[in-house]
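Engineer: no sequence on this one, just coordinates:
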């Protein structure tokens, strides 16, 4: 009886432009897969250069370095002897007009590149703009791999999203997977960089199962893991049998090596060096919120690390938003690398100051209190002396937020720590935030979490820790910016349950006004909220990058003009 065909899936966290580091990960994982008896190892989309490279692809030097790195990996070496390697890279298309690049996957075997597959379907929705950079493949590639004794169908990410039941919107005429199986592919290889969104891992698994069944071919699917700018990649690579059964899967949000027989007889999941991964704990009380929590921790860790920072600075108000941001930072970076700063004013309540200090103690982060009252009073006095009148109410509130932003940025300059802004999606949507004030920072950690979800994820943080990291009073007190006496958010905004449902309908579901009203909302309230969303685009354009965890986050995936005449 022939030995079972053993496949390895190398779920890597790559860094854009770090050719040497990315190649080192490919070598190490390949050597480990080979030691485990695999005859094929698959790595993610554009793993050679990192994803998404964006306008680096316009630089000939970038493409040349990518090709040199690939050629070095393809050269005969002991670490790759007897194993085939499929790895994504950007391929310069010689003699083609711009864009003159293919999003490609190389099949390496026996010390040479034996085949190159190219991406056929180029997404242009949400955060994707691939027709800006890539040429579509004229035909799909099915190539034999001698070591594994199978004809492989080489495909890339979007190519496998060809089932109309799973389309974001109808858009493709071709079915690259059908092309591959018609060409004799006995195993579909899909190298991917599919960003995370709530519910997407489960959707992706259903899609891959449906594709394997409909094409009667197993699928080796390898997804990138890690954070890259605003995007978080969840991994969840898997080997799917021809009947749609998942034979083996990698974990969410961790680098991993999956080694599995194609007949499902053997499956092992380890770290890239073969170390055991931590066993999964008991199911969390709110699995969806816990998943978002893990995605954000990974996003913060990689953004800080890949941007060259080691520490972070977070303003602590005693409220739920700053509390959750600090929790995420402490888990991502280690509490010793987080500085929490309370900046009370004349309007700050005693309980807010207590809650901020208690949170810092629970987390173990460094804590500092810098009162803004002297600076605030001096600003108001100087303005009145110059103008002969006191500053207006809203302007006075914003001055406080901007003083706090100045303090945080000064500490950032002084310590080298990255300021993490603490605003949520509800606030960013309607402009309930201050430019150059509470919006100051290098990363908007929870900027894609509506306020109601902030509370859920904060509860998940406490549940994950097994203790009350965030004080209970932070959950139960009315949310307030505390910029004037007895202020609450609901002085200016609808209740968050109402606001967030309207925003979900408008921003993520893209429903018209009358359909949102039909959900049971007051028409006047809906019109007011939509007017605030439209009018606040200029603020969002100047916001820090927002970690994306929804299907439609503010940032590069939602592009509206600032100057326009569209009205509600």
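Structural biologist: Right, received. Where do you want to start? The structure displayed is predicted, hence computed values, not measured ones.
Engineer: which element, helix or strand, includes the closest residue to residue 525 other than its chain neighbours?
Structural biologist: With C-beta to C-beta, 6 or more residues apart in numbering as the criterion, residue 525 has its nearest non-adjacent residue at 5.5 Å, and that residue is residue 494. All C-beta atoms are positioned from the backbone trio N, CA, C, and that covers glycine. For residue 494, there is no helix or strand it lies in under DSSP states H and E.
Engineer: contacting residues for residue 494?
Structural biologist: Contacts for residue 494 were tallied using C-beta atoms under 8 Å, 6 or more residues apart in numbering; they are 502, 525, 529.
Engineer: most neighbours among the residues you listed, which one is it?
Structural biologist: Highest neighbour count within the contacts of residue 494: residue 502, with 26 neighbours (other C-beta atoms under 10 Å).
Engineer: could you measure from that residue over to residue 524?
Structural biologist: Residue 502 is 12 Å from residue 524, where distance means C-beta to C-beta, to the nearest Å.
Engineer: ok, residue 161 next?
Structural biologist: Distance of residue 161 to residue 524, given as C-beta to C-beta: 41 Å.
Engineer: which one's more surrounded, those two?
Structural biologist: residue 161 (23 against 9).
Engineer: doesn't residue 309 lie inside a helix?
Structural biologist: No: per DSSP: H, G, I helix; E, B strand; the rest coil, residue 309 lies outside any helix segment and is coil.
Engineer: give the buried residues for stretch 98-111.
Structural biologist: For stretch 98-111, a neighbour-count test (16 or more other C-beta atoms under 10 Å) marks 99, 100, 101, 102, 103, 104, 105, 106, 107, 108, 109 as buried.
Engineer: likewise stretch 419-439?
Structural biologist: Buried positions in stretch 419-439, judged by neighbour count with 16+ other C-beta under 10 Å: 419-435, 437-439.
Engineer: again with stretch 25-32
Structural biologist: Result for stretch 25-32 [16+ other C-beta under 10 Å]: buried residues 25, 26, 27, 28, 29, 30, 31, 32.
Engineer: stretch 229-240 now?
Structural biologist: 229, 230, 231, 232, 233, 234, 235, 236, 237, 238, 239, 240.
Engineer: out of those residues, list just those in helices.
Structural biologist: Taking DSSP state H, every one of those sits outside helices.
Engineer: quick check, nearest of the residues you listed to residue 510?
Structural biologist: Nearest to residue 510 out of these is residue 230 (C-beta to C-beta; 20.0 Å).
Engineer: just checking, the closest one touches residue 548?
Structural biologist: Yes: counting by C-beta atoms under 8 Å, residue 230 does reach residue 548; the two are 5.2 Å apart.
Engineer: what do the two both touch?
Structural biologist: Here residue 230 and residue 548 share the contacting residues 127, 555, scored by C-beta under 8 Å, 6+ apart.
Engineer: now residue 413: how far from residue 406?
Structural biologist: Where residue 406 is concerned, residue 413 sits at a distance of 10 Å (C-beta to C-beta).
Engineer: check residue 11 too.
Structural biologist: According to C-beta to C-beta, residue 11 stands 42 Å off from residue 406.
Engineer: which of the two has more neighbours?
Structural biologist: Taking other C-beta under 10 Å, residue 11 and residue 406 do not tie; residue 11 has more neighbours (29 against 16).
Engineer: hmm, residue 321 and residue 446 touching each other?
Structural biologist: Yes: with contact defined as C-beta under 8 Å, residue 446 counts as touching residue 321 (6.3 Å).
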